[in-house]
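Peer 1: turn this into a model:
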Amino acid sequence: MVEITDSLSCLFTAELETDGEGGYVLSVPKREIEHGAVVPGETYRVAVIDQGTSSAEGKETGASRGPTDSRPSSERGNRSASDTTPSGPPVSEGEVRDVTIETLGDKGDGIAKIERGYVVIVPDAELGDEVTVEITSVRENVSFATVIDE
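Peer 2: Residues are numbered from 1 along each chain as shown. Prediction:
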């Protein structure tokens, strides 16, 4: 299995495209900008994970040196992020999580991010708090939680 660092901000699938000037471009999905996982103009570290490699196939480095399918992309068909990444919220109601409050919302609620940049809103939490929360309401792009232990 690939070891994922705790500093992972988001995870998505993208096709590598040429920029017409001898370079290459990975397009960031709009949802990652909207969630605040990625900010235009900032610099990020990017990991490339071979979508055809699994731990059952032997040692895994977590990086790809080339495509696993040598056919042109037009023959492979377009793959969306939902083909290779889990869909839906990464939490469920009643789940207990340890989170760190990274920012504050417009109304002063604490905001934490978990897997894939998914947002957890925690009322009555302060910036920098590391708290244990219980998820009380889950929506597609955001969940709400209450602090159960500080």
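
Peer 1: what residue is smack in the middle of this structure?
Peer 2: Residue closest to the average C-alpha location in the chain (CA atoms, centre = their mean): Arg116, at 1.9 Å.

Peer 1: how near is the nearest residue to that residue once chain neighbours are set aside to Arg139?
Peer 2: Distance criterion CB to CB, 6 or more residues apart in numbering; nearest residue to Arg116, sequence neighbours excluded, is Leu11 at 5.1 Å. Backbone N, C-alpha and C define where each C-beta goes, glycine included. Using CB to CB, to the nearest Å, Leu11 is found at 19 Å from Arg139.

Peer 1: low-confidence regions, the protein specifically.
Peer 2: Applying pLDDT under 70 to the chain picks out residues 1-7, 50-86.

Peer 1: at 50 instead, please
Peer 2: Within the chain, the segments meeting pLDDT under 50 span 1, 53-84.

Peer 1: surely Thr136 touches Ala145?
Peer 2: Yes. Counting by CB atoms under 8 Å, Ala145 is a contact partner of Thr136 at 5.9 Å.

Peer 1: who's more crowded, the two?
Peer 2: The residue with more neighbours, out of Thr136 and Ala145, is Ala145; 26 against 15, by other CB atoms under 10 Å.

Peer 1: show me the residues around the more buried one that make contact.
Peer 2: 97, 99, 120-122, 133-136 (CB atoms under 8 Å, 6 or more residues apart in numbering).

Peer 1: redo that, cut-off 10 Å
Peer 2: 91, 93, 95-97, 99, 110, 112, 120-123, 125, 131-138 (CB atoms under 10 Å, 6 or more residues apart in numbering).

Peer 1: do Val99 as well
Peer 2: Neighbour list for Val99: 110-114, 120, 122, 125, 129-133, 145, 147 [criterion: CB under 10 Å, 6+ apart].

Peer 1: what is the nearest of those to Pro40?
Peer 2: Of all those, Pro40 sits closest to Lys113, with 17.6 Å by CB to CB.

Peer 1: follow-up on the earlier one: mutual contacts of Thr136 and Ala145, please.
Peer 2: With CB under 10 Å, 6+ apart, Thr136 and Ala145 have common neighbours 93, 95, 121-123.
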